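Visitor: show me the folded form of this:
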Amino acid sequence: MSCLPYVFFLFSIFFSFKIEAENKAKRFFPAFYPLSKSSFLWQNKTEFFHTMGTVDETGKRASFKSNEFYRKLDNNLSFYYAMASNFSIGLELLARYHESSPMQEDSSVVKLSSGGLESFKTFFLWNLMNTPSLSWTLEVFARQTFYQEKTSDPIKKETPDKERLVLGDDGSYLTFLLHGRFKIGTAWEFLSSLGYQKTPIRLSPEIPYNFAFSFAPKNTRWMFFLGTEGILSLKQDRYQNTPEEKEQVPSGMSADINSINRSFISPYTQLGFGISENFLLSVKGFFQYGLTSSNSGPGAMLQLSMGNFLQENTAKKHLESFKQYEFEAIVSEVSEKQNYVRINNGERHYLQLGQKFDIFRSDYKGGEILVAQAVLIKIFPNHSILKVTIKFSRDPIQKGDIARGN
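Guide: Numbers count the residues shown, from 1 in each chain. You can find the predicted model right below:
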């Protein structure tokens with residue numbers, strides 16, 4: 001693809017960044033790496049798509065003529081807020097501008113365009129499990145368009161207004177997604193998203209999906225993705241056997257609107273790199289390949305993310321108020337939900353109930369990162385149980401981390 005030279009150019013830029021103790025890009029992708037409590041994240045995503053052709057509900061392809069086109073520019077503004085370390089809520093606004101040049105019955109071409117606020121979305125992310133090697137997150141969102149279009153009835157011989165172009169398929173959408181993260185190497189992970197989307201009544205329900213390999217080396221601020229996403233129709237459109245009877249809205253040259261059992265696949269590459277501690281810039285190139293009743297063509301995305309990761313800032317303040325530790329132990333076991341840890345010191349080491357411990361992890365420079373704070377709740381002769389009270393880092397507590405108390 002034409003974006004490949006830029007990929008190699010960006011790689012040369014990434015290595016000029018200041019080396020960090022952990023990969024700072026991951027925290028900008030909350031579906032796979034949960035935000036720490038009280039943190040928030042803003043994302044502004046602009047996506048451009050240029051259609052080269054369409055495919056109908058039977059799979060028959062049609063390429064555009066030289067004077068025909070359909071182009072779309074979407075801008076999404078999203079906000080995430082972590083109410084807990086495993087639960088975030090959010091809002092999203094979508095604005096759209098698109099234009100088309102359909103061929104008229106007299107062989108003339110007219111340019112159509114429309115723009116404005118397309119939809120409003122509310123959502124939540126509930127992290128069900130988060131360990132160094134595995135994570136599961138449930139996302140549920142509801143989307144409502146700002147407009148309602150009047151359809152044309154083919155039975156009454158009505159035809160769509162050819163002088164207009166609607167923003168999209170109007171109505172309410174409800175989507176359930178399960179996001180998974182699977183560690184497959186030191187820097188490699190496999191990411192998956194699979195779900196169910198309830199669409200407006202005149203469209204078939206769909207299965208949205210996204211599968212990708214991610215490469216995120218430690219001690220850097222960048223992250224690379226190679227994957228594919230798309231939509232699979234459940235083929236429940238009420239007009240799938242009589243497409244000529246389906247109500248129509250003016251859609252120009254786009255097959256994504258007025259679709260019947262739409263399905264498409266979209267391979268992509270994406271790079272995210274940290275501009276600073278709290279800013280991440282992502283670039284993405286993709287090619288949407290229509291399978292049924294959809295568009296085909298290339299596209300590109302540019303996204304700027306800004307985060308305020310309060311727990312990490314709290315960790316810095318906590319370290320600034322550092323006082324000398326009297327005890328040091330090693331984390332020997334961590335509960336599945338990351339709320340309890342076991343350390344290898346007990347009664348024989350003069351520990352007492354209620355003592356507070358800070359949990360650290362060594363970094364590649366020989367320094368240490370404050371991961372969490374915990375309190376001692378049970379004591380045994382040779383080990384003790386701590387309850388985690390504050391998480392300072394998005395990364396999970398791991399076996400081998402150091403617990404220091406006073």
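Visitor: quick check, residue 257 in a helix?
Guide: No: counting by DSSP: H, G, I helix; E, B strand; the rest coil, residue 257 is not part of a helix but coil.
Visitor: and the nearest residue to it once chain neighbours are set aside, what does it touch?
Guide: Closest residue in space to residue 257, ignoring its immediate chain neighbours: residue 251 at 3.7 Å, by C-beta to C-beta, 6 or more residues apart in numbering. C-betas here are computed from N, CA, C, even on glycine. Residue 251 makes contact with 100, 160, 165, 166, 257, 258 under the criterion C-beta atoms under 8 Å, 6 or more residues apart in numbering.
Visitor: any idea how far the closest residue to residue 164 other than its chain neighbours lies from residue 342?
Guide: Residue nearest to residue 164 in three dimensions, not counting chain neighbours: residue 250, with 4.4 Å by C-beta to C-beta, 6+ apart. Counting by C-beta to C-beta, to the nearest Å, the gap between residue 250 and residue 342 amounts to 65 Å.
Visitor: quickly list the domain ranges of this protein.
Guide: With domains defined by automatic domain parsing, the chain comprises 4-308, 311-405.
Visitor: okay if I get these as TSV plus mean pLDDT?
Guide: Output for the domains of the chain, formatted as TSV (pLDDT from 0 to 100):
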stretch	mean pLDDT
domain 4-308	85
domain 311-405	82
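Visitor: C-alpha coordinates for the host helix or strand of residue 125, PDB please?
Guide: Assessed by DSSP states H and E, residue 125 sits inside strand 112-130. The C-alpha coordinates for strand 112-130 follow below in PDB (Å, rounded to 0.1, in the frame of the first residue of the first chain):
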ATOM      1  CA  LEU A 112     -24.300  15.500  -4.000                       C
ATOM      2  CA  SER A 113     -23.000  16.100  -0.500                       C
ATOM      3  CA  SER A 114     -24.200  16.300   3.100                       C
ATOM      4  CA  GLY A 115     -22.700  16.900   6.500                       C
ATOM      5  CA  GLY A 116     -23.500  17.300  10.200                       C
ATOM      6  CA  LEU A 117     -23.700  15.400  13.500                       C
ATOM      7  CA  GLU A 118     -24.500  11.800  12.700                       C
ATOM      8  CA  SER A 119     -24.900  10.000  16.000                       C
ATOM      9  CA  PHE A 120     -24.400  10.000  19.800                       C
ATOM     10  CA  LYS A 121     -23.100   7.000  21.700                       C
ATOM     11  CA  THR A 122     -22.900   6.000  25.400                       C
ATOM     12  CA  PHE A 123     -20.900   3.000  26.500                       C
ATOM     13  CA  PHE A 124     -19.200   1.200  29.400                       C
ATOM     14  CA  LEU A 125     -16.200  -1.100  29.600                       C
ATOM     15  CA  TRP A 126     -16.200  -3.800  32.300                       C
ATOM     16  CA  ASN A 127     -12.900  -5.600  32.700                       C
ATOM     17  CA  LEU A 128     -13.600  -9.200  33.700                       C
ATOM     18  CA  MET A 129     -10.000 -10.400  34.000                       C
ATOM     19  CA  ASN A 130      -6.600  -8.700  33.800                       C
END
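Visitor: helices and strands around that strand, which ones?
Guide: On a contact count with 3 or more C-beta pairs under 8 Å, 6 or more residues apart in numbering; DSSP states H and E, strand 112-130 meets strand 87-100, strand 134-145.
Visitor: sheet partners, orientation included, of that strand?
Guide: strand 87-100 (antiparallel), strand 134-145 (antiparallel) (DSSP bridges).
Visitor: which residue, other than its chain neighbours, is closest to the most far-flung residue of the chain relative to its centre?
Guide: When distances to the mean C-alpha position of the chain are computed (C-alpha atoms, centre = their mean), the maximum falls on residue 348, with 48.0 Å. Sequence neighbours aside, residue 381 is the residue nearest to residue 348 in space, at 5.9 Å (criterion: C-beta to C-beta, 6+ apart).
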